[in-house]
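Visitor: Everything below, folded, please.
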Amino acid sequence: MAAMALALACNGKTAGDGKKDKLATDSVKMEKTKKGVSITVKADYPVGNEALLEQVASFVGGQMFYTEDTEAQVVLPPFKGDFKAFLKACTQKRWDELYAYTYEDGPVAFEGDRTMPITSAEYTFRKVFEDEHCATWQCRWYYYIANAARPNMAVHGMTVCKKTGKPLDHTLLKDTDSQAFGQLLKECARQALANELEETIDSDNKLKEYILGDNDIDRLPLPLMPPYLTADGVALPYQDFELFPMHDALVVVLPYDKVGLFLNLPLQ
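Guide: Modelled structure (predicted):
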């Protein structure tokens, strides 16, 4: 279904069935639990494609040390071609940060089982889509620091052009200011919310109850993070309280059989 829809969306150029030039990948898992601080990192990574491997490493580093402070100086472990070594260094660096945050005000009182971590983090990087031309890595991360009011969570994705090794950005979609696209986004947002909240959201007025700010539901904004391709359609990853009053990200998926006219894919 996805491959067929992509083919229809790209002026007759076929996107393939996902088998031709399929990426070779491997997976790795890193863990560290010590002094009440636990971190787990899982990642798929490409083998035999240096340009794409470098992009995946950059995506991993950017997500593990993500900050909304655009002026912050974030120093990542250097990537020298060895993905496992890079991931190990990132895991250690992130554990060090979490440990510092946990104990910056001195000892933390343990409650309940003292063997359980009081600070924990999980980062998962999975290849969730691939066709002849593109591949997508999706990241889900979660961390909770002892005594914090709530955990931090996010879902981000990166679709990469396999030929150039470069990630796609918001230009993956076109004509997003059109009335037709606005209607599509509204319908898909309504469905995503209904599924997440297990409620019936069957009218514009009902949808407005779940939209933050003064946003026009017929002209909803795209998320700040870039859209990306999945097996089911184009994913729009809205983060917590970005558009919806939720503590977790809400990924709105635009199905391929409806989003075709708005796709702008590099198939050459």
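
Visitor: which is the next helix or strand following the helix-or-strand element of the chain with minimal mean pLDDT?
Guide: Among the helical and strand segments of the chain, the one scoring lowest on mean pLDDT, DSSP states H and E is helix 2-9, with a mean of 40. Moving toward the C-terminus from helix 2-9, the first helix or strand encountered (DSSP states H and E) is strand 24-34.

Visitor: Show me what that following strand is in contact with.
Guide: Strand 24-34 has contacts (Cβ atoms under 8 Å, 6 or more residues apart in numbering) with 38-49, 83-84, 87-88, 91-92, 95, 117, 127. All C-beta spots, glycine's among them, are computed from the backbone N, C-alpha and C.

Visitor: buried set for the following helix or strand past it?
Guide: Toward the C-terminus, strand 24-34 is succeeded by strand 37-47 as the next helix or strand (DSSP H and E). For strand 37-47, the neighbour count (16 or more other Cβ atoms under 10 Å) marks V37, S38, I39, T40, V41, K42, A43, D44, Y45, P46 as buried.

Visitor: wait, the last one sits on F59?
Guide: No: counting by Cβ atoms under 8 Å, P46 sits too far from F59 to count as a contact (11.5 Å).

Visitor: what helix or strand is the most centrally placed residue in the chain on?
Guide: Nearest residue to the geometric centre of the chain (Cα atoms, centre = their mean): H156, 1.5 Å. In this assignment (DSSP H and E), H156 forms part of strand 152-161.

Visitor: Alpha carbons of that strand, as CSV, please.
Guide: What follows is strand 152-161, C-alpha atoms only, in CSV (Å, rounded to 0.1, in the frame of the first residue of the first chain):
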residue,chain,number,x,y,z
ASN,A,152,10.3,14.2,29.7
MET,A,153,9.3,12.4,26.5
ALA,A,154,9.6,13.0,22.8
VAL,A,155,9.2,11.4,19.4
HIS,A,156,11.3,12.6,16.5
GLY,A,157,12.1,11.2,13.1
MET,A,158,14.6,11.6,10.2
THR,A,159,14.0,10.6,6.6
VAL,A,160,17.2,10.4,4.6
CYS,A,161,17.7,10.3,0.8
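
Visitor: orientation of it relative to strand 37-47 in degrees?
Guide: On the basis of axes from the mean of the first three to the mean of the last three Cα atoms, to 10 degrees, strand 152-161 is oriented at 10 degrees to strand 37-47.
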